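In: sequence and predicted structure below; questions after.
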Amino acid sequence: MNKQETTAQEAIDIINDVTWQDNGRHYGKIEAVRNLAISALTQQLNNGWIPCKFRQPSDEESIKYKGEFTIQNAKHILPYTATWNRSEKLWQDDEGYQIDYVTAWQPLPEPYKEGE
């Protein structure tokens, strides 16, 4: 593990160990920030892949990327493109069939622009 990976993993461990004590008033907000921080650090450790156990695409990400993402499925060796259905909160293939066992996802890369 290189220094950057070690630092990110240490941050994840610290965040996971923190006990938030504010009498529950801000628990939802704190939990959301905690999940985003862990997700960002985990994504950094996993070359851009976001494990589904941490989160699914947000509505903002879904709109920005038109619902299309690269996913890794536990039953397939190679990653492939799928659509995140925001309203039903599930992954679908290009024919609209539900995809189960999705383990991780990432946004599609930006399209190639000539001259760059």
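Out: Here it is on my side, so go on. Numbering: from 1, shown residues only.
In: which residue is the nearest non-sequential neighbour of the residue nearest in space to the middle of the chain?
Out: Nearest to the geometric centre of the chain sits Ile50, at 3.2 Å (CA atoms, centre = their mean). Using CB to CB, 6 or more residues apart in numbering and skipping residues adjacent in sequence, the residue nearest Ile50 is Gln43, 5.0 Å away. In this view, the C-beta of every residue, glycine as well, is placed from N, C-alpha and C.
In: who's in contact with the closest residue to Arg55 other than its chain neighbours?
Out: Excluding its sequence neighbours, the residue lying closest to Arg55 (CB to CB, 6+ apart) is Ser39, at 5.3 Å. Ser39 makes contact with 50, 54-55, according to CB atoms under 8 Å, 6 or more residues apart in numbering.
In: Ser39 sits in which helix or strand?
Out: helix 27-45 (DSSP states H and E).
In: roughly how far apart are the residue nearest to Ala11 when sequence neighbours are not counted and Asn35?
Out: Of all residues not flanking Ala11 in the chain, Leu41 sits nearest, at 5.4 Å (CB to CB, 6+ apart). Distance, Leu41 to Asn35, using CB to CB, to the nearest Å: 11 Å.
In: look at these two and report which has more neighbours.
Out: Leu41 (20 against 13; other CB atoms under 10 Å).
In: so that one makes contact with Asp13?
Out: No - Leu41 is beyond contact range of Asp13, at 10.0 Å (criterion: CB atoms under 8 Å).
In: thinking again about what came up before, so for the residue nearest to Arg55, what's the pLDDT?
Out: Confidence at Ser39, expressed as pLDDT, is 72.
In: please report how far it lies from Asn46.
Out: The value you get for Ser39 to Asn46, if CB to CB is used, is 10 Å.
In: what of Ala74?
Out: Ala74 sits 15 Å away from Asn46, going by CB to CB.
In: these two: which is more packed in?
Out: Asn46 (14 against 10).
In: got the contact list for the more buried one?
Out: Ala104.
In: sounds good, over and out.
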